[in-house]
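Visitor: Kindly generate the corresponding structure for this input.
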Amino acid sequence: MPLTVLPEGLTLDAGHTLLFPDPALGEMYACKLAGLGLHVAPDWVDQNFPAAWAAARDAQGGLVYGTTHEEGLAFWIEVNRRLFPPGKLSAEDLESFVGDLYDSYARAENWRVTPALDRLLGYCRELAIPVALVSNWDQRLRALLTELGLVDRFQTLVISAEIGIEKPDPDIFAHALHQLGTTAAGTLHVGDSWREDILGAHAVGMKALWLAPTDTTPPQALPRVYQADSVEALADYFALAIDPVR
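Guide: Take a look at the predicted model:
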C-alpha cells in the first residue's frame, strides 16, 4: 500500500469493508430455509448469490436500494427470485423468507465489525483527519449503525437511501467531501467494490484504496489508486505516521 502522504480526509464504505454478515450469508440462508423444509448448502448460496445480486442490480431502474423500506425489500425479493431455480420456493414463501432475512440483517447481532475499525478511527481522531461513512445501503443502515454504537464515530454518514444517490455516481462522493470540508485530491476513499468504490471515487478526483486479496490484480491501472488486503493494513499505516518506531 504505497501511500506516501496522509489524507486530509477519509471516507469508508460499509458492507464488506467495515461490516460483515455474521453468521455468513450462506449459513444464514441454510438455517432459515431449513425452517421451510428446504435443504440448501451454504457454499451454493455463497457461490451463486453475487451473480443474482448483480443481475438484479443491472435490471433495476433508478436506485438499487431505493429510498424506502418497501423499495429496499422489493430489491432483495428480486435478488432472491433470481437466485433460486423456478419452483424452488412459492411466491408466498419467497416473500416470507426474504422478509425474515431483511428483518434479521437489520439487527446488530447478525453483523461483525472489523476489529481494526476502532483503532483506525482512534488514529484519525489523533491526527485530526475527519471520517465519513459512504454506503450504498437501504433504509436499515442508520438504525443498524446506532445499535452497533458507530453513528457518533463518524463526522457524517452518507447513505444512498437517505440522499437518493448511489455509488459510483460522483455526486455521492462530492456530497461527502462537502460534509467533511475536504478536497477531493486530499481525501482517500476505502472500499471493496472496484465499480462502486474505486471507479466512483476516482471519477471525482479522490485517492482510492481497493480492499482485495493481495494476489488479486486490479482490473486496470489507475493513478491515485492503491490496494490493501484489509482495513487493518490501513490502520497500521496510520499508526506508523503517529509513531514511526512502532
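
Visitor: In the chain, where's the longest helix?
Guide: The residue-count maximum for a helix in the chain (DSSP state H) belongs to helix 42-59.

Visitor: domain parsing for the protein?
Guide: 9-18+114-242, 22-109 (automatic domain parsing).

Visitor: and those, which is most packed in?
Guide: The highest mean neighbour count among the domains of the chain, using mean count of other C-beta atoms under 10 Å, belongs to domain 9-18+114-242: a mean of 19. Just so you know, the C-beta spots here come from the backbone N, C-alpha and C atoms, and that holds for glycine as well.

Visitor: quick one: average confidence on it?
Guide: For domain 9-18+114-242, the mean per-residue pLDDT is 96.

Visitor: That one: end-to-end distance?
Guide: Chord length of domain 9-18+114-242, first to last residue, is 16 Å (C-alpha to C-alpha, to the nearest Å).

Visitor: Tell me who's in contact with Ala208.
Guide: Going by C-beta atoms under 8 Å, 6 or more residues apart in numbering, Ala208 touches 188-191, 197-198, 201-202, 222, 224-226.

Visitor: mind listing the strands for the chain?
Guide: Secondary structure of the chain (DSSP state E): strands at 9-12, 19-21, 111-113, 131-135, 156-159, 187-191, 207-211, 225-228.

Visitor: JSON lines please, covering those strands and showing distance to Glu70.
Guide: Formatted as JSON lines, the strands of the chain follow (distance: least, C-beta to C-beta, whole Å):
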{"stretch": "strand 9-12", "distance to Glu70": "28"}
{"stretch": "strand 19-21", "distance to Glu70": "22"}
{"stretch": "strand 111-113", "distance to Glu70": "23"}
{"stretch": "strand 131-135", "distance to Glu70": "20"}
{"stretch": "strand 156-159", "distance to Glu70": "17"}
{"stretch": "strand 187-191", "distance to Glu70": "27"}
{"stretch": "strand 207-211", "distance to Glu70": "32"}
{"stretch": "strand 225-228", "distance to Glu70": "37"}
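
Visitor: and Leu180, which of the ones you listed is closest to it?
Guide: Proximity to Leu180 (C-beta to C-beta) singles out strand 9-12 among those, at 4.6 Å.

Visitor: Please enumerate residues in contact with the closest one?
Guide: By C-beta under 8 Å, 6+ apart, the list of residues contacting strand 9-12 from outside reads 18, 124, 129-134, 154, 158, 173, 176-177, 180-183, 186-191, 201, 206, 231.

Visitor: If anything else comes up later, I'll come back, but that's it for now.
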